[in-house]
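Undergrad: From the sequence below, what's the structure:
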Amino acid sequence: MERKNIIKEKSFAFAIEVVNLYKVLAEKKEFVLSRQMLRSGTSIGANIREAEHAQSRADFIHKLSISLKEANETEYWLDLLHETKYLSEIEFLSIKPKITELLRLLTSIVKTTKSI
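TA: Have a look, this model is predicted:
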């Protein structure tokens, strides 16, 4: 029986939300900031997937550290889109806790793996 990979599942679900949010922002004719958010927001899960088949513990840490950086960048774009009124309060509050959770999980995994 395969173990559930929570970070993999959550990052994929988050990427889907980012893609859908990008579509909404494109309808509002906002392309520059939202494209940055799309790139970094989908990169989180892509790097987590790469980490699944890391060649070493150092490679695993490196891939998840990239995911952590991308999550941090995504949070920046979401905050900026919210502060510039491209994201409504409802849109922002529906996605903000998810990026916060991913940041917390990734930080914990990286720290734990480094300490082993």
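Undergrad: Tell me where this protein is predicted with low confidence.
TA: 1-2 (pLDDT under 70).
Undergrad: Helices of that one, start to end?
TA: In the chain, the helices defined using DSSP state H lie at 6-27, 32-52, 57-83, 89-115.
Undergrad: can you list those in a markdown table and add mean neighbour count?
TA: Any C-beta I mention is one placed from the backbone N, CA and C, and that applies to glycine too. Below are the helices of the chain laid out as a markdown table (neighbours: other CB atoms under 10 Å):
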| stretch | mean neighbour count |
| --- | --- |
| helix 6-27 | 16 |
| helix 32-52 | 19 |
| helix 57-83 | 18 |
| helix 89-115 | 15 |
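Undergrad: Might one say that Leu64 is in contact with Ile109?
TA: Yes: look at Leu64 against Ile109 with CB atoms under 8 Å: they come within range, at 5.9 Å.
Undergrad: Just give the nearest non-adjacent residue to Leu81, would you?
TA: Leu87 (4.5 Å; CB to CB, 6 or more residues apart in numbering).
Undergrad: And Ala71, how close does it get to Ala58?
TA: 20 Å (CB to CB, to the nearest Å).
Undergrad: ok, now which ones touch Phe31?
TA: By CB atoms under 8 Å, 6 or more residues apart in numbering, the contact set of Phe31 is Leu25.
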